[in-house]
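Asker: Attaching a predicted model along with its sequence, questions to come.
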Amino acid sequence: MINVRKILRLSAVTLGMIAGATSGALHADAERVQERIVVFEQEKVTLVNPFARKAKKGQNSAAFVLIQNNCEVGCRIVKARSPVANTVELHTSFEDNGVHKMRPVKFIALPGSTEDTVGEVELKSGGYHVMLIDLKQDLEVGTEIPVTLEMNNGKTLTAAYKVKGCCGHCHGPSQ
Ligand SMILES: [Cu+2]
């Protein structure tokens with residue numbers, strides 16, 4: 001009996017994932033919907049539209065991605081790494097007296113999925129991001145870099161992040 005229940009719940013979650021992905025896309029502006037391609041699926045976590053900002057060797061950059069979570073409640077991103085930077089940190093952004101600032105965070109929580117919605121968190125400009133500090137190489141527009149997110153359950157999420165031109169709030173030295 002327990003097994004049957006588990007299967008029923010799993011299919012309900014899968015249906016919820018599809019519904020959640022659709023409503024999530026509606027929130028995005030038209031330009032970003034086109035870029036919203038599922039590129040990676042692993043351990044019930046989907047990384048959508050991973051990208052990083054262009055920067056020169058020795059400078060800083062930031063990596064962004066929409067994380068859709070279908071794993072158990074309580075999953076967290078606890079670490080990030082990439083071979084392109086000497087230091088990689090999880091950061092959040094905030095306003096302090098009208099000044100845009102950021103600081104490291106110990107983890108980024110992934111909201112759990114329910115039968116109706118998919119838990120998701122977006123690493124984006126002005127919010128959470130992966131900070132790539134002291135780049136070992138130039139990040140050229142159109143190239144891809146590997147970034148790995150480590151979860152508290154020991155699983156890792158590695159994807160190729162496409163390097164894009166700078167837009168909006170920039171991190172690190174001006175380019
Ligand atoms: Cu940062």
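Answerer: Ah, there it is. Numbering: from 1, shown residues only.
Asker: For K164, the count of nearby residues, please.
Answerer: 15 (other CB atoms under 10 Å). Yep, even glycine has a C-beta here, placed from its N, CA and C like the rest.
Asker: what residues are up against it?
Answerer: Residues counted as contacts of K164 (CB atoms under 8 Å, 6 or more residues apart in numbering) are 51-54, 141.
Asker: Out of the residues you listed, the closest to the ion would be?
Answerer: R53 (10.7 Å; CB to the ion).
Asker: Please report phi then psi for the nearest residue to the closest one once chain neighbours are set aside.
Answerer: Closest residue to R53 apart from its sequence neighbours, by CB to CB, 6 or more residues apart in numbering: S61 at 4.8 Å. Backbone dihedrals for S61, given as degrees, to the nearest 10, come out at phi -140, psi 180.
Asker: right, is stretch 61-80 up against the ion?
Answerer: No. Residues of stretch 61-80 are not located near the ion by CB under 5 Å from the ion, the shortest gap being 5.6 Å.
Asker: From start to finish, how long is that stretch in a straight line?
Answerer: In stretch 61-80, first residue to last residue: 14 Å (CA to CA, to the nearest Å).
Asker: coming back round to it: what about the contacts of K164, which are in strands?
Answerer: If you go by DSSP state E, the contacts of K164 have 51-53 in strands.
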